[in-house]
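Asks: Sharing a sequence plus its predicted fold:
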Amino acid sequence: MDSVSNIILTVALVIIMWGMGLSLVIEDFKRVVKYPRAVVIGLCNQLILLPIIGYLLVSIMNVPPDIAIGVMILAACPGGATSNLIAHLAKGDTALSVSLTAISSIVTVFTIPLIVNFAMVSFLDQAEMIQLSVLDTILKMCIVVVIPVAVGMIIRKYRSGFADRMGKPVRIASAILLMLIIVGIIIREKDQMPGYFAQAGIVTFLLNLITMVIGYFGAKLLMLQTPQAISISVESGIQNGTLALAVAGGLLGNSAFAIAPAVYSIIMFLTGGAIIYLGLRMSSGRVDTA
């Protein structure tokens with residue numbers, strides 16, 4: 001990707017993470033102690049099961065290396081503001097969703113470089129290898145992820161009215177910037193895009209669908225309530241596409257690695273709409289039977 005694209009990606013990610021911080025309070029992090037079972041199940045799905053499922057899918061489906069690495073980058077990323085919105089609209093446990101996003105966003109700062117390096121070793125020839133410096137990557141991700149979240153939380157604590165007013169504009173700005181990035185990638189890769197879309201579309205849809213299904217039924221199997229199961233399902237399957245694009249384009253400098261996250265960023269709104277519909281149906285059923 002060129003320097004302009006990298007700048008737009010970085011700005012988009014900083015805005016999104018700052019916006020997330022504006023909605024967070026310390027209580028969101030304390031829920032891991034208050035409600036450990038739901039949080040631990042959700043984090044295990046996000047941080048462990050998701051990368052494993054991603055690796056199995058790209059290995060079984062034998063997708064091209066560029067797509068495989070893009071899928072692994074995506075699988076390494078946490079949930080984002082979109083997952084919180086979808087969980088809320090689907091009548092899930094919004095507080096749990098926000099907590100999982102907040103905690104996983106911090107943890108994945110350290111796990112993303114490890115998973116991406118593993119993907120590079122697994123899917124690229126030695127001559128094509130691009131090793132991420134773990135410490136350097138952690139530092140860069142702290143700058144664009146942790147610091148904006150912390151600044152947003154400080155503003156939330158001392159200027160809650162301003163934080164509330166900025167919620168909608170930040171979400172709109174984030175969506176516009178994300179769409180600009182996706183359009184830019186499509187234009188840059190337009191000659192190979194039909195083939196890429198076919199290959200990346202199937203594998204990212206399956207990653208999205210399988211992780212959401214496992215998230216929901218795994219939570220129900222472990223005796224969590226339906227709203228909690230919905231939130232865990234969403235957090236398991238809806239990832240921070242902008243962060244994945246930033247890793248692919250900004251840290252690795254390869255627009256081909258960004259194809260899978262870009263395609264996924266479109267698909268997740270379709271599956272997100274489906275889970276909102278199902279969540280509303282289940283919520284209606286719970287009300288009717290109450």
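Replies: Here it is on my side, so go on. Residues are numbered from 1 along each chain as shown.

Asks: Residue ranges in the stretch 151-290 of the chain under the pLDDT threshold?
Replies: 175, 178, 181-182, 184-186, 188-193, 196, 285-290 (pLDDT under 70).

Asks: Going by residue numbers, what spans are strands in it?
Replies: In the stretch 151-290 of the chain, no strands are defined using DSSP state E, counting those that start in this stretch.

Asks: Quick one: the helices in this structure, in order.
Replies: All helices of the chain, identified by DSSP state H, fall at 3-22, 26-34, 36-44, 50-61, 65-76, 81-89, 94-123, 134-141, 147-158, 160-188, 193-221, 226-237, 241-245, 259-289.

Asks: Now those helices in JSON lines, please, with extra columns for distance to residue 252 and mean neighbour count.
Replies: C-beta here means a position set from N, CA and C on the backbone, and glycine is covered the same way. Listed next are these as JSON lines, based on distance: least, Cβ to Cβ, whole Å; neighbours: other Cβ atoms under 10 Å:
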{"stretch": "helix 3-22", "distance to residue 252": "11", "mean neighbour count": "20"}
{"stretch": "helix 26-34", "distance to residue 252": "30", "mean neighbour count": "13"}
{"stretch": "helix 36-44", "distance to residue 252": "26", "mean neighbour count": "18"}
{"stretch": "helix 50-61", "distance to residue 252": "16", "mean neighbour count": "18"}
{"stretch": "helix 65-76", "distance to residue 252": "8", "mean neighbour count": "27"}
{"stretch": "helix 81-89", "distance to residue 252": "23", "mean neighbour count": "23"}
{"stretch": "helix 94-123", "distance to residue 252": "8", "mean neighbour count": "21"}
{"stretch": "helix 134-141", "distance to residue 252": "10", "mean neighbour count": "16"}
{"stretch": "helix 147-158", "distance to residue 252": "21", "mean neighbour count": "17"}
{"stretch": "helix 160-188", "distance to residue 252": "14", "mean neighbour count": "16"}
{"stretch": "helix 193-221", "distance to residue 252": "16", "mean neighbour count": "19"}
{"stretch": "helix 226-237", "distance to residue 252": "24", "mean neighbour count": "29"}
{"stretch": "helix 241-245", "distance to residue 252": "11", "mean neighbour count": "29"}
{"stretch": "helix 259-289", "distance to residue 252": "12", "mean neighbour count": "18"}
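
Asks: Can I get the ones you listed in a markdown table including distance to residue 251?
Replies: Output for the helices of the chain, formatted as a markdown table (distance: least, Cβ to Cβ, whole Å):
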| stretch | distance to residue 251 |
| --- | --- |
| helix 3-22 | 9 |
| helix 26-34 | 26 |
| helix 36-44 | 24 |
| helix 50-61 | 17 |
| helix 65-76 | 9 |
| helix 81-89 | 21 |
| helix 94-123 | 8 |
| helix 134-141 | 6 |
| helix 147-158 | 17 |
| helix 160-188 | 15 |
| helix 193-221 | 19 |
| helix 226-237 | 24 |
| helix 241-245 | 10 |
| helix 259-289 | 13 |
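
Asks: OK, contacts around the nearest residue to residue 225 once chain neighbours are set aside?
Replies: Residue nearest to residue 225 in three dimensions, not counting chain neighbours: residue 93, with 7.7 Å by Cβ to Cβ, 6 or more residues apart in numbering. The contact partners of residue 93, by Cβ atoms under 8 Å, 6 or more residues apart in numbering, come to 38, 87, 225, 227, 228, 230, 231.

Asks: same thing but 7 Å
Replies: 227, 228, 231 (Cβ atoms under 7 Å, 6 or more residues apart in numbering).

Asks: which non-adjacent residue is nearest the first one?
Replies: Of all residues not flanking residue 227 in the chain, residue 93 sits nearest, at 4.2 Å (Cβ to Cβ, 6+ apart).
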